[in-house]
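make a model of this:
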Amino acid sequence: MMEQTVHDTASEVTAEDGQVMLDGPDGTAVSLTPEAAIETSERLFEQGLKGKGQQVAARRRKRGGDDPCL
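Numbers count the residues shown, from 1 in each chain. So this is what the prediction gives:
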């Protein structure tokens, strides 16, 4: 499996001529229809929340506690 780089900066997003352009790290560039951009944003939001929850759960396990404030 190929090693992945995890980026900690958000991509730039613009809309021009009825298209939505995403300029990401390492030269990533994507053009989407508005409909595809909206669906992608919903998926990113959902999975972003899921990933954040996984980070919180991992911190709790590491600290050995069930404190919901950790």
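
so what's Gln19 bridging to?
Glu16 (DSSP bridges).

my read is that Ser11 contacts Gly24, right?
Yes - at 3.9 Å, Ser11 counts as touching Gly24 under the criterion of CB atoms under 8 Å. Heads up, the C-betas are built off the backbone N, CA and C, glycines and all.

give me the neighbour count for Val30.
14 (other CB atoms under 10 Å).

same question, Val20
The number of residues near Val20, taken as other CB under 10 Å, comes to 19.

for Glu39, see how far away Phe45 is.
11 Å (CB to CB, to the nearest Å).

could you check how far Leu49 is from Ala58?
From Leu49 to Ala58 the distance is 15 Å (CB to CB).

and for Pro34?
36 Å.

repeat that for Gln19.
From Gln19 to Ala58 the distance is 38 Å (CB to CB).

give me the more crowded residue out of the two.
Set side by side, Gln19 and Ala58 show more neighbours around Gln19, with 13 against 10, by other CB under 10 Å.

just the pLDDT at the more buried one, thanks.
Note on Gln19: pLDDT of 98.

which SS state does Val30 fall under?
Secondary structure assignment for Val30 (DSSP: H, G, I helix; E, B strand; the rest coil): strand.

so it touches Leu22, yeah?
Yes - using CB under 8 Å, Val30 is in contact with Leu22, at 4.5 Å.

mind listing what Lys52 touches?
Residues near Lys52 by CB atoms under 8 Å, 6 or more residues apart in numbering: none.

check which helix or strand covers it.
helix 34-63 (DSSP states H and E).

only alpha carbons, please: show stretch 2-20 as CSV.
Extracted in CSV, the C-alpha atoms of stretch 2-20 (Å, rounded to 0.1, in the frame of the first residue of the first chain):
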residue,chain,number,x,y,z
MET,A,2,1.2,3.5,-0.9
GLU,A,3,2.1,5.8,2.0
GLN,A,4,-0.3,8.7,2.4
THR,A,5,0.6,12.2,3.5
VAL,A,6,-2.0,13.7,5.9
HIS,A,7,-2.4,17.5,5.4
ASP,A,8,-3.4,19.9,8.1
THR,A,9,-4.4,22.8,6.0
ALA,A,10,-7.7,23.3,4.3
SER,A,11,-8.0,23.5,0.5
GLU,A,12,-9.0,26.7,-1.3
VAL,A,13,-12.4,26.6,-3.0
THR,A,14,-13.8,29.1,-5.6
ALA,A,15,-16.7,29.2,-8.0
GLU,A,16,-16.3,30.5,-11.5
ASP,A,17,-18.4,30.2,-14.6
GLY,A,18,-20.8,27.7,-13.0
GLN,A,19,-18.0,25.4,-11.8
VAL,A,20,-16.5,24.9,-8.4
